[in-house]
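Undergrad: here is my input; please provide its structure:
(one chain, ligands or ions: 1)
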Amino acid sequence: MSRAGNPLRLVDAAPGARILGWGSSQPDQVVTNDDLAQRVDTNDQWIRERVGIVSRRIADKNTLLVDMAADAGSKAVADAGLGPADVDTVVVATCTMPNPIPNAAAQVAHKIGISAPGAFDLNAACAGFCYGIGTGADLIRSGSARHVLVIGAEKLSDWMDWDDRSTCIIFADGAGAAVLGPAPSAEEVGVGPLVWGSAGDMAEAIQIVQPSNGIHQEGQTVFRWATTQIAPIALRAVELAGLTPADIDVFVPHQANLRIVEAVAKRLRKAGAREDMRVATDIVHSGNTSSASIPLAIDHMRAAGQISRGDVLLLVGFGAGLSYAGQVVVCP
Ligand code: UT7
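TA: As a prediction, this is how the structure comes out:
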């Protein structure tokens, strides 16, 4: 049957998306460097100097990834001034679910009380939250969704080789979330264009290995890649948003290693970012929580009064894949 030349109808689109609220969740248990030194051959000074971590949060066996995700997600929905019934799409960025099915998003939506949303998981490892924000914003912009809950949630402690001192001191557990909604006008768009990509030729640099079933990473290889490749991606996101580096109030990179955070921030300043640009250093007390690290850092900085309404935030995530993504967002 012919459509007689009639184009398919599209639903009304929004001028763009904006962030409406944030939320986060961490397990109660604080694990210090000295605690880990009782288990593997390491020490507080090495971890502070080489990675920047002082302590991290590790979930107990009864706390599931979906529990942390639901806690962060429901806080973000409330922070947005919405109720669960207002949310139509849930995206969970994660790489540490215990099993591939069922996915996290449908379970998390159910726990929050969101009825029958579009719900899917997204695995871009430590870049996952930025992939989720980009995808969610484009769903809103196209009219496919109205309110999208994007959660980065990880229980990395389930996928750790607790005898490997080069990784067990880095990774940690937690969840962070944002609610996206349509911008009422083009002037009020609060999520800039997404810059994303991957380097699959380097996939073996971060992977789960056997027989430990734990994360193994070629630390130096990833370190070199991150300190050379990530600043240009972040700067491209600034450029695509129609801004200059000097417009950035807060830089929130994935919290992989404090030395990487500082090296990338230095390159941004060389490119024109302000000296008083605030830089997220949440890794110090949260560790590396992969897809959760960016929204956790933002929510903690907000609570500490270091981020306020209207601030222009530059986000950039990077990690296993190797995958990366970044964008500029405006804080509600
Ligand atoms: O989130 C996903 C993205 N991931 C990243 O961006 C991670 C990037 N890489 C890194 O952050 C760093 O490479 C690490 C933190 C993983 C490692 O730091 P490094 O400064 O690159 O250390 P290294 O691997 O070169 O090891 C230096 C030394 C070695 O000893 P030798 O061979 O010099 O005798 C290691 O065995 O430090 C030793 N070492 C440790 N010593 C005390 C490794 N881990 C530890 C430890 N405590 N926990």
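Undergrad: need the residues of the protein near the ligand, please.
TA: Applying CB under 6 Å from any ligand atom, we find that the chain lies next to the ligand at 42, 46-47, 50-51, 126, 165-166, 169, 219-220, 222-223, 226, 256-257, 260, 288, 290, 319. Backbone N, C-alpha and C define where each C-beta goes, glycine included.
Undergrad: helices of this structure, residue ranges please.
TA: Taking DSSP state H to define them, one finds helices in the chain at 33-37, 44-50, 65-79, 104-112, 128-142, 219-240, 258-270, 283-286, 293-303.
Undergrad: export the fifth one as PDB, just CAs?
TA: This points to helix 128-142. What follows is helix 128-142, C-alpha atoms only, in PDB (Å, rounded to 0.1, in the frame of the first residue of the first chain):
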ATOM      1  CA  GLY A 128      27.800   6.200  31.000                       C
ATOM      2  CA  PHE A 129      26.300   9.200  32.800                       C
ATOM      3  CA  CYS A 130      27.300  11.600  30.000                       C
ATOM      4  CA  TYR A 131      26.000   9.100  27.400                       C
ATOM      5  CA  GLY A 132      22.700   9.000  29.400                       C
ATOM      6  CA  ILE A 133      22.300  12.800  29.700                       C
ATOM      7  CA  GLY A 134      23.000  13.100  25.900                       C
ATOM      8  CA  THR A 135      20.500  10.400  25.000                       C
ATOM      9  CA  GLY A 136      17.900  11.600  27.400                       C
ATOM     10  CA  ALA A 137      18.200  15.200  26.200                       C
ATOM     11  CA  ASP A 138      17.800  14.100  22.500                       C
ATOM     12  CA  LEU A 139      14.700  11.900  23.400                       C
ATOM     13  CA  ILE A 140      13.200  15.100  24.900                       C
ATOM     14  CA  ARG A 141      14.200  17.300  22.000                       C
ATOM     15  CA  SER A 142      12.700  14.800  19.500                       C
END
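Undergrad: so that helix versus helix 219-240, what angle?
TA: 30 degrees (axes from the mean of the first three to the mean of the last three CA atoms, to 10 degrees).
Undergrad: now the helices of the chain in TSV, with mean pLDDT and mean neighbour count?
TA: Formatted as TSV, the helices of the chain follow (pLDDT from 0 to 100; neighbours: other CB atoms under 10 Å):
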stretch	mean pLDDT	mean neighbour count
helix 33-37	97	16
helix 44-50	98	15
helix 65-79	98	25
helix 104-112	98	23
helix 128-142	98	26
helix 219-240	97	18
helix 258-270	98	18
helix 283-286	98	21
helix 293-303	98	25
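Undergrad: and the pLDDT for the spatially closest residue to residue 219 that is not a sequence neighbour?
TA: The shortest distance from residue 219 to any non-neighbouring residue, by CB to CB, 6 or more residues apart in numbering, is to residue 166 (6.0 Å). With respect to pLDDT, residue 166 scores 94.
Undergrad: any idea how far residue 225 is from the one residue in the chain that gets nearest to the ligand?
TA: Nearest residue of the chain to the ligand (CB to the nearest ligand atom) works out as residue 219 at 2.8 Å. Shown here: residue 219 relative to residue 225, a distance of 11 Å by CB to CB, to the nearest Å.
Undergrad: ok, now residue 274?
TA: Between residue 274 and residue 225 the distance, using CB to CB, works out to 27 Å.
Undergrad: dump the residue contacts of the closest residue to residue 209 other than its chain neighbours.
TA: Leaving aside its sequence neighbours, residue 209 sits nearest to residue 216 (CB to CB, 6+ apart; 4.3 Å). Taking CB atoms under 8 Å, 6 or more residues apart in numbering, we find residue 216 in contact with 161, 164, 167, 206, 207, 208, 209.
Undergrad: thank you kindly, that will do.
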